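Student: one predicted model, sequence on top.
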Amino acid sequence: MRGHAWHARIECGGSVLGAGFLVAPNTVLTCAHVVAGGSAGLTVSFPGRRDLAGVPATVAVHGGWAGGDTDPGDLAVLELADRVPLSPAGFAPPGAEQGLPAPSLEAYGFPEGYDGDGQIAEYRAVSAQRIADEWVQLEAVTGHGQPLRHGFSGAAVTLKDGRVVGMVAQMAAEPDVRVARMLPTEVMARYWPALGELVPALADGPDPVRRLYALVRRAEAEGLECRPDQLFVDAVGDFGPEPPPGGFPSLPAAVGYVQWEVPEPAEALTRFADRLTELLDGPVAPTAPAGPDPDQAGWAPILVEIDRSGAGQDQVTVAVSAYREGRRRPVGTVRLTRAEVQRYVQRGIDEAFTHLAPDAEELLTFVLPRDWLDLPVAHWACSADDPTPLGCAHPVVVTEGARHRSNRLRHRLGKKWQRLSAGSATAVHRVDCGTREHPFGLRKRLRETGADLAVFAGPPSAVPEYFEVGLNMPVPILLWSRSGCPDGAGHRAPCAGSAFLDALITSLEGVPPAELPGHIQTLREDALADDEPERHWARDIQLLWDDPRCFPGPTASLHSPVA
């Protein structure tokens, strides 16, 4: 049979029950309805090897088929009494039976009159749509070939090159109707998860599946403590699906979900394997840079993205993630009421620290909508048990959501940071509360002076038109006081806003832009330790600090979680 001797015939007491196929030296797959009578007297033969006839077999795994024509779980795994010296069947990646045009598929069965040597039927898949999420419908390629009849149940459905894409499970009762149904491999694996290791994710080239399953066995043998939900999130990345409700009961369950439920899963499976290797053996050195080198910026960001969810005025979406070795590692995404955000962020940040390298300099970065840039995130407590403000315990910065996700603005910001990293002097632009400058005039001056840092006497709500200019130019660094002048009106006498600018600009002298997050943390600590912290000029300082090198790779828009 030119290497395809793994096709099997299932027999009992000399009668042919159906077909099957060898997937391991002592393991054959077939339909549960083929062996509905149990294991007594059950034998397996291989027509391609006449010397391998009547091998005793028992039903080792049953898919749960209840006996009805349309009941799910019509899969049985047979264990042979002896290992047979045959190469098992090979599998194609999931979905290989689809295409335009759909490829021809073959099934090798044992219908009446051909139950000794067998017969080949040629069919093709009608649609990628699964019937009742269980079967793929097949129809005959021609109206004159061998129809799928009794004796084909359990036969492997293969591509022309012999790679298996499914198993014949049902046939039409009417003799003139040449349609049938097959269980595709991803459904078969639902009832026998061990099949997952045999089905590749790629048609050719290095495939991650066997490596990953070997790592899973090793992790279980070594008793590795890990969180399957988090490994799943790490694997599927920013644009992947959420874990199912309730999460994953085990590591193999998480792997199976990636393999069968994530579209084009090869990259996700590779990331899963890399992360598992890292947990077992220590950090894995990246084989190629994933984007701009975050070490150039000197920070390891923990990213907290907060945005409106679209589900109601009080509903927000919060996503927490961490960056390590140029790769984003999501911690979680949820939809909450605004009152619940702070507590979730505290827990999420604590979890994100587990993804950072031991020697990493953390940078807590809050990505906020434009009209929420004044959110007092630096004043939030570190945890329910530690009232220390986040901005005193860690460098805390904010950035604006639309700018963070704009490739155009990221490119322009990147050019500015290249110049700043080369040691160029920092160009500071001061915006006093009494300014009467036209916003387009400010834009022109920021461009002409190449401003890298703009300082404001009041919060964004006081002079929104000027903040818009700074965000859209874009200026990499914006600083303001949340308790500065509450409006943009001019003043005859010095005010809190101008006093803040005077003190701030003096404090910034000689501080490299890349070190500003740490410098602002020190100012916040000084304010908190002051005898009159409420009156210290730096108490309510807010820093928008935006270096794209800290966030290599594509940035993702927030989405409402599934559950």
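Tutor: Good, I have the coordinates. These figures come from a predicted structure and were not determined experimentally.

Student: ok, then the element right after the helix or strand of the chain with the lowest mean pLDDT?
Tutor: Lowest by mean pLDDT, DSSP states H and E among the helices and strands of the chain is helix 439-449, with a mean of 79. Next helix or strand after helix 439-449 toward the C-terminus (DSSP states H and E): strand 453-456.

Student: so what strands line up beside that following strand?
Tutor: Using DSSP bridges, the strands paired with strand 453-456 are strand 428-431 (parallel), strand 477-481 (parallel).

Student: ranking these by mean pLDDT, which is last?
Tutor: For these, mean pLDDT drops lowest on strand 428-431, to a mean of 84.

Student: quick one: contacts for the residue nearest the centre of the chain?
Tutor: With distances taken as C-alpha atoms, centre = their mean, the chain has residue 236 as the residue nearest its mean C-alpha position (1.9 Å). Residue 236 makes contacts with 258, 262, 268, as judged by C-beta atoms under 8 Å, 6 or more residues apart in numbering. Heads up, the C-betas are built off the backbone N, CA and C, glycines and all.

Student: can you select the buried ones from those in ChimeraX?
Tutor: With 16 or more other C-beta atoms under 10 Å as the criterion, this ChimeraX line picks the buried residues out of those:
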select :258,262,268
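
Student: including distance to residue 545, could the contacts of residue 236 go into CSV?
Tutor: Formatted as CSV, the contacts of residue 236 follow (distance: C-beta to C-beta, whole Å):
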residue, distance to residue 545
258, 35
262, 35
268, 32
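
Student: distance check, the closest residue to residue 31 other than its chain neighbours against residue 501.
Tutor: Excluding its sequence neighbours, the residue lying closest to residue 31 (C-beta to C-beta, 6 or more residues apart in numbering) is residue 154, at 4.3 Å. From residue 154 across to residue 501, the span is 80 Å (C-beta to C-beta, to the nearest Å).

Student: any idea what residue 332 is bridged to?
Tutor: Per DSSP bridges, the residues bridged to residue 332 are residue 320.

Student: is it possible to get CSV of the contacts of residue 236 that adds pLDDT and distance to residue 30?
Tutor: Putting those into CSV (pLDDT from 0 to 100; distance: C-beta to C-beta, whole Å) gives the following:
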residue, pLDDT, distance to residue 30
258, 94, 28
262, 88, 29
268, 91, 31
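
Student: select from the contacts of residue 236 every entry located in strands.
Tutor: Using DSSP state E to define strands, no part of those is located there.

Student: which of the strands paired with strand 453-456 sits closest to residue 124?
Tutor: Nearest to residue 124 among those is strand 477-481; the distance by C-beta to C-beta comes to 60.8 Å.

Student: so what touches the closest one?
Tutor: Contacts of strand 477-481 (C-beta under 8 Å, 6+ apart): 452-460, 467, 470-471, 496-497, 500, 504, 513, 516, 520, 537, 540-546.

Student: who does the least confident helix or strand of the chain touch, helix- and strand-wise?
Tutor: strand 428-431, helix 464-472 (3 or more C-beta pairs under 8 Å, 6 or more residues apart in numbering; DSSP states H and E).

Student: for the ones you listed, which one sits closest to residue 70?
Tutor: Nearest of the helices and strands packed on helix 439-449 (C-beta to C-beta): helix 464-472, 59.0 Å.
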